[in-house]
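>>> pasting the sequence and the predicted model now:
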Amino acid sequence: MKRIKQFNKQFSKKIIIIPLLLFVFMANAQHNSSCMTGDCMEGYGVKVWQDGERYEGWFKNGMRDGYGDMKYNDGNRYIGDWSENLRYGHGVLIHFDHPSKIKYVGEWKANTIQGYGSLHLKGGDFQTGYWNKNQFKSIEKQDVCLDGDCQNGWGTYIYPDGSLYIGEFKNNKREGQGTLIYRRGTKYKGTHANNARNGFGTYYYPNGNKYEGGWKNNRKSGEAKMFTGGHLDFIGVYKNNILKSKIDKEAIKELANAEQKKDKTAPTIEIISPEVSRGPIVVSKKKKIRVHGKASDESGVKRIRVSGAEAALGTKIGETRDFESYITLSKGQNEFWVEATDTEGNIAKIDFTVVFNGEENETTAMDKVVESNSDAPRMALVIGNSTYKEVPLRNPMNDAIEIASRLRSFGFEVMLKMNVKQGDMKTVIRDFGVKLKEKGGIGVFYYAGHGIQVDGKNYLIPVDANIEKRLDIEVEAVKLQRVLNELKHANNQMNLVILDACRDNPYSGLRSSSKGLAPVYGSP
């Protein structure tokens, strides 16, 4: 991180052109893998690496995404939630031969222990509480409302036994949607009533298994799915914690095929007001503020809530609906969230904080925050083109997935595009420029695929390009200069352009002065 900060300071508001193999260090054993069974691109499958690592679970865009079981070559094992090849959500990391640790059960964010969880130690001891970037943060106060409204609203409460609840309250009881995390790290996420699990919810066991289904007074009741070791074990009906019936494996396969066809992507949320794009903390001079934004989803946005209250929805335009809600601030720091749910039940959530000094329309000391390079917003557009008709390439898709995953682990918001056609390539480049101008900060453009130079000008080749003669290049390809112009227009803090283009000319009928791309002069 020190090198990155120094790099940022030295090259503020500059573009660095980095050709070809800058990220060779990322090409590791992850490339040397094969799908043993199932669907390792968009579904459920088993993937094995040459170094002995093995993953069984759900995939999306060729990445581990969903619930799965990962066995590492050092003997460690992780069972739980994944997002784009990263441990993200709730999960159990079991240590194989650690001198003091047995397992960690709790929350993860980008492969890092982040949130509430429990580390089980040899000898029977354990540490339970908040974790921040793998560091344990104990909770001294118990049986107290830590944040929000724990009487009639949304709040965070810690009980005498060390369990933590984040969710809706009514008459001082857990009532509505919420998450209850127990002291040993197990978790229930779903509907509560009268301080008990009632309704539909998911229970995560300390061994990594999970139950999805109905509950009645803390007991399993109704239709349910049971997951064991990262895969769907059976579907059944429970009554008073007793399994009454099970569905056979063939029915499960049919259900899994139907599930694959369903929309599993959560809605995207954009908060327009208050301005949260440059950081999650906003300073307000007004006691009552308007929360306004947009939510999009291919299956349709069903509902939007702001800190538990239903937001007013505007007219649907394509896949997008705008929303608004008004919230009243208390003096000091106010925690809020926006939650969007689509018609398939997928949920997205954005958290933010509003600081109000208690005196309306007076300037506070935090009105203007000067961001350092390390705190600046980070945006990336990653393109991997492989499926060319004439000269297909093997590596760009895999490279793009690896680069996107690594950038996300560094805090970048990534637009990942595969096998892009010409019209779509121009559109995503333009959209990337618009977002970069709005958010500022640091931008990365990464391209893997065919590239060519003609008359000293560089061109990126879309997968649908039909190039038979020199004149076709201008029409069928996309100028690198188009990317640079977008970055110049964005006028943000700093940009990096990484070109991993094939050095050979893919069109034998065209003459080029030399292999590879031409030098880039006069970049903004």
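Structure received.
>>> helices of the stretch 201-350 of the chain, start to end?
Remark: helices assigned in the stretch 201-350 of the chain by DSSP state H, counting those that start in this stretch are 249-261.
>>> low-confidence bits of it, can you list those?
Applying pLDDT under 70 to the stretch 201-350 of the chain flags the ranges 248-263, 276-280.
>>> for the stretch 151-300 of the chain, what spans make up the strands?
Per DSSP state E, counting those that start in this stretch, the stretch 151-300 of the chain carries strands over the ranges 153-158, 164-170, 173-181, 187-193, 196-204, 210-216, 219-228, 231-239, 242-247, 268-273, 281-284, 288-296.
>>> can you list these in a markdown table and add mean neighbour count?
Any C-beta I mention is one placed from the backbone N, CA and C, and that applies to glycine too. Converted to a markdown table, the strands of the stretch 151-300 of the chain look like this (neighbours: other CB atoms under 10 Å):
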| stretch | mean neighbour count |
| --- | --- |
| strand 153-158 | 20 |
| strand 164-170 | 20 |
| strand 173-181 | 20 |
| strand 187-193 | 21 |
| strand 196-204 | 19 |
| strand 210-216 | 20 |
| strand 219-228 | 18 |
| strand 231-239 | 17 |
| strand 242-247 | 12 |
| strand 268-273 | 16 |
| strand 281-284 | 17 |
| strand 288-296 | 19 |
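>>> turn the ones you listed into a markdown table, columns for distance to residue 491.
Formatted as a markdown table, these follow (distance: least, CB to CB, whole Å):
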| stretch | distance to residue 491 |
| --- | --- |
| strand 153-158 | 39 |
| strand 164-170 | 40 |
| strand 173-181 | 41 |
| strand 187-193 | 43 |
| strand 196-204 | 45 |
| strand 210-216 | 47 |
| strand 219-228 | 49 |
| strand 231-239 | 49 |
| strand 242-247 | 58 |
| strand 268-273 | 21 |
| strand 281-284 | 23 |
| strand 288-296 | 24 |
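>>> of all those, which lies closest to residue 332?
Nearest of the strands of the stretch 151-300 of the chain to residue 332, taken as CB to CB: strand 281-284 at 11.5 Å.
>>> what helices or strands is that closest one leaning on?
Counting contacts by 3 or more CB pairs under 8 Å, 6 or more residues apart in numbering; DSSP states H and E, strand 281-284 packs against strand 347-356.
>>> contacting residues around the strand it packs on?
266-269, 271, 274, 276, 280-287, 289, 295, 327, 329-341, 364, 366 (CB atoms under 8 Å, 6 or more residues apart in numbering).
>>> how about a cut-off of 7 Å?
Under the criterion CB atoms under 7 Å, 6 or more residues apart in numbering, residues 266-269, 271, 274, 276, 280-284, 287, 289, 329, 331, 333-341, 366 lie in contact with strand 347-356.
>>> give the pairing partners of the following helix or strand past it; include direction for each.
Using DSSP states H and E, the helix or strand that follows strand 347-356 in sequence is strand 378-384. Strand 378-384 sits in its sheet next to strand 413-418 (parallel), strand 442-454 (parallel), going by DSSP bridges.
>>> quick one: mean pLDDT for the last one?
Read that as strand 442-454. For strand 442-454, mean pLDDT is 91.
>>> from the chain's centroid, how far away is that strand?
Averaged C-alpha coordinates place strand 442-454 at 24 Å from its chain's average position (CA atoms, centre = their mean, to the nearest Å).
>>> report the buried residues of stretch 339-353.
Across stretch 339-353, burial judged by 16 or more other CB atoms under 10 Å covers 339, 340, 341, 342, 344, 346, 348, 350, 352.
>>> what comes up buried for the longest helix seen in the chain?
Taking DSSP state H as the criterion, the chain has its longest helix at helix 422-439. The neighbour-count check on helix 422-439 (16+ other CB under 10 Å) flags 422, 425, 429, 432, 433, 435, 436, 439 as buried.
>>> just those residues now: which is nearest residue 105?
The closest of the buried residues of helix 422-439 to residue 105 turns out to be residue 439 (CB to CB; 35.7 Å).
>>> that closest one reaches residue 378, doesn't it?
No - if you go by CB atoms under 7 Å, residue 439 and residue 378 don't touch, sitting 8.9 Å apart.
>>> right, and the strands of the stretch 151-300 of the chain - which one's nearest residue 392?
strand 268-273 (31.3 Å).
>>> residues in contact with residue 192?
Contact analysis of residue 192 by CB under 7 Å, 6+ apart lists 167, 174, 175, 176, 178, 198.
>>> farthest pair in the residues you listed?
167 and 198, at 12.9 Å, using CB to CB across the contacts of residue 192.
>>> phi first, then psi, for the most centrally placed residue in the chain.
Nearest to the geometric centre of the chain sits residue 83, at 5.9 Å (CA atoms, centre = their mean). Backbone geometry at residue 83, expressed as degrees, to the nearest 10, gives phi -150, psi 110.
>>> how about it: what's its closest non-neighbour residue?
Spatial nearest neighbour of residue 83, chain neighbours left out: residue 65 (5.9 Å); criterion: CB to CB, 6 or more residues apart in numbering.
>>> so what's that neighbour up against?
When contacts are counted by CB under 7 Å, 6+ apart, residue 65 touches 58, 59, 82, 83, 84.
>>> now the first one. Nearest residue, chain neighbours left out?
On the basis of CB to CB, 6+ apart, the spatially nearest residue to residue 58 that is not a chain neighbour turns out to be residue 66, at 3.0 Å.
>>> what about the one you found, neighbour count?
Look at residue 66: counted by other CB atoms under 10 Å, it has 17 neighbours.
>>> my guess is it contacts residue 45, does it?
No - contact between residue 66 and residue 45 fails when scored by CB under 7 Å: they sit 11.1 Å apart.
>>> would you mind measuring from residue 402 to residue 386?
Distance of residue 402 to residue 386, given as CB to CB, to the nearest Å: 14 Å.
>>> what's the neighbour count on the closest residue to residue 173 other than its chain neighbours?
Distance criterion CB to CB, 6+ apart; nearest residue to residue 173, sequence neighbours excluded, is residue 195 at 4.7 Å. Other residues near residue 195 number 14, with proximity taken as other CB under 10 Å.
>>> same question, residue 474
11.
>>> now do the host helix or strand of it, average pLDDT.
Residue 474 belongs to helix 472-476 when elements are defined using DSSP H and E. In this model, helix 472-476 has a mean pLDDT of 86.
>>> returning to what we had before: and the buried residues of stretch 339-353, which is closest to residue 314?
For the buried residues of stretch 339-353, the nearest to residue 314 is residue 340 (13.3 Å; CB to CB).
>>> what's across from that closest one in the sheet?
residue 304, residue 348.
>>> now do the contacts for it.
267, 269, 295, 301, 304, 348.
>>> tell me the spacing between it and residue 305.
Distance of residue 340 to residue 305, given as CB to CB: 8 Å.
>>> next: residue 73.
43 Å.
>>> kindly report the same for residue 273.
17 Å.
>>> before we move on, the earlier item: and the gap between the residue nearest to the centre of the chain and residue 111?
Counting by CB to CB - residue 83 and residue 111 are separated by 10 Å.
>>> emit the PyMOL select command for whichever of the contacts of residue 65 are buried.
Here is the PyMOL command that selects the buried residues among the contacts of residue 65 (16+ other CB under 10 Å):
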select buried, resi 58+59+82+83+84
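>>> which one of the contacts of residue 65 is nearest residue 238?
For residue 238, the nearest member of the contacts of residue 65 is residue 58. The distance, counting by CB to CB, is 23.9 Å.
>>> please consider this matter closed, and thank you.
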